[in-house]
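J.: Any chance you can model this:
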Amino acid sequence: MTESVKHFLDLDKFDKSTLRDILDLGVAIKSDLSLYAKSQPLSGKTLAMIFEKPSTRTRVSFEVGMRQLGGEVVVLSQSDSQLGQGETIADTARVLSRFVDAIMLRTDDPRKLDELAEYATVPVINGLTDLTHPCQLMADVMTFEQHRGPVAGRTFAWTGDGNNVSNSFIQAATKFDFSLRLACPESLRPDASILKWAVDCGADITVTADPAEAVDQADCVIADTWVSMNDKEAGRVELLTPYRVTEDLMGHAKDDALFMHCLPAHRGEEVVNEVIDGRWSVVWDEAENRMHAQKGILHWCLS
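T.: Numbering: from 1, shown residues only. So this is what the prediction gives:
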């Protein structure tokens, strides 16, 4: 991995001030898009987006965001490229680095992301892996602060299975100094190594099997779909039903608590309509802020 290249792989690889700088840059671009649209800071730059997993928000937010800043995009699905058809990730990284200025990868195995970054001579951005989803967390922090001010010192509650988004929430809690309570079944807890890293860093992280305990007086409640891509459905819905976000569960949080969900939502499973469409919900701002947060990431990587 070229040391001078600014990759955006996972939140744990950054110091707190750099992540805050990237987030503030995204907020600045959102606040005065006309200025950035006029200056076209990414004019002449091209982003290659590789999708080994389907996407709506990631594809549209990166593509529109890149174009609004003056750049261009090339989209490659698994069937469009030689990646996964016999060509190594290292060779793909070497070739694409000759053609484009940055690469975004949405994949399953985080080792693919790491290998791509090791051999690429242009910035590599983590668009999602089965282990983490850092771009989503940048948008989530932006969304909370848009509605309630600084996240530092606040309490966030996760209810559901310990998936890639919850893993990135653990990293974000460590870097942005908020408390995090995770309510998960024993068999579906977040990644143990990420939890240990956070605790070793002094983060305020609690894991419980009781969603009401996690949500008690929380500033924000977060859920995600129970059956993600590559998950096996058998038994998951029954196991996770007690973790559904209902009006009763939100009643344990603060009166002005927010509800977040990275989408797509399976309404009636992890969250009921009365919550996702109710007074607590900021999910549509959250979805929009994917684009604004990623503009900050793109600008930082390519500047």
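
J.: switch to C-alpha atoms for all contacts and neighbour counts from now on
T.: Will do.

J.: biggest helix in this structure by residues?
T.: Using DSSP state H, we find that the single longest helix of the chain is helix 283-302.

J.: Which positions in that one come out as buried?
T.: Within helix 283-302, the residues scored as buried using 16 or more other CA atoms under 10 Å are 283, 285-287, 289-302.

J.: Tell me which residue is most central in this structure.
T.: Against the mean C-alpha coordinate of the chain, by CA atoms, centre = their mean, the closest residue is Gln136 at 2.2 Å.

J.: so what's that one closest to, chain neighbours aside?
T.: Excluding the flanking residues, the one nearest Gln136 by CA to CA, 6 or more residues apart in numbering is Arg290, at 6.4 Å.

J.: right, and the one you found touches Cys135 too?
T.: Yes - at 7.0 Å, Arg290 counts as touching Cys135 under the criterion of CA atoms under 8 Å.

J.: contacting residues around the residue nearest to Gln136?
T.: Contact analysis of Arg290 by CA atoms under 8 Å, 6 or more residues apart in numbering lists Arg57, Thr58, Ser61, Cys135, Gln136, Met138, Ala139.

J.: try it again with 10 Å
T.: Arg290 makes contacts with 26, 57-58, 60-62, 65, 135-140, 142-143, 262, as judged by CA atoms under 10 Å, 6 or more residues apart in numbering.

J.: Mind pulling up the pLDDT for it?
T.: Reading off the confidence values, Arg290 has pLDDT 98.

J.: looking at the chain, which helix or strand is least sure?
T.: Least confident helix or strand of the chain, by mean pLDDT, DSSP states H and E, is helix 33-39 with a mean of 91.

J.: Check the offset of that helix from the chain's centre.
T.: Its chain's C-alpha centre and that of helix 33-39 lie 26 Å apart, by CA atoms, centre = their mean, to the nearest Å.

J.: burial count for Leu47?
T.: Leu47 has 28 neighbouring residues, counting by other CA atoms under 10 Å.

J.: so where's the chain uncertain?
T.: Scanning the chain for pLDDT under 70 picks out the ranges 1-3, 80-85, 229-234.

J.: Helices of that one, residue ranges please.
T.: Using DSSP H, the helices of the chain run over 16-31, 33-39, 57-68, 89-99, 110-119, 134-148, 164-176, 192-200, 211-215, 236-240, 247-250, 273-276, 283-302.

J.: Make a markdown table out of those helices and add distance to Val5.
T.: What follows is the helices of the chain, written out as a markdown table (distance: least, CA to CA, whole Å):
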| stretch | distance to Val5 |
| --- | --- |
| helix 16-31 | 15 |
| helix 33-39 | 23 |
| helix 57-68 | 19 |
| helix 89-99 | 11 |
| helix 110-119 | 9 |
| helix 134-148 | 18 |
| helix 164-176 | 22 |
| helix 192-200 | 25 |
| helix 211-215 | 39 |
| helix 236-240 | 41 |
| helix 247-250 | 43 |
| helix 273-276 | 40 |
| helix 283-302 | 8 |
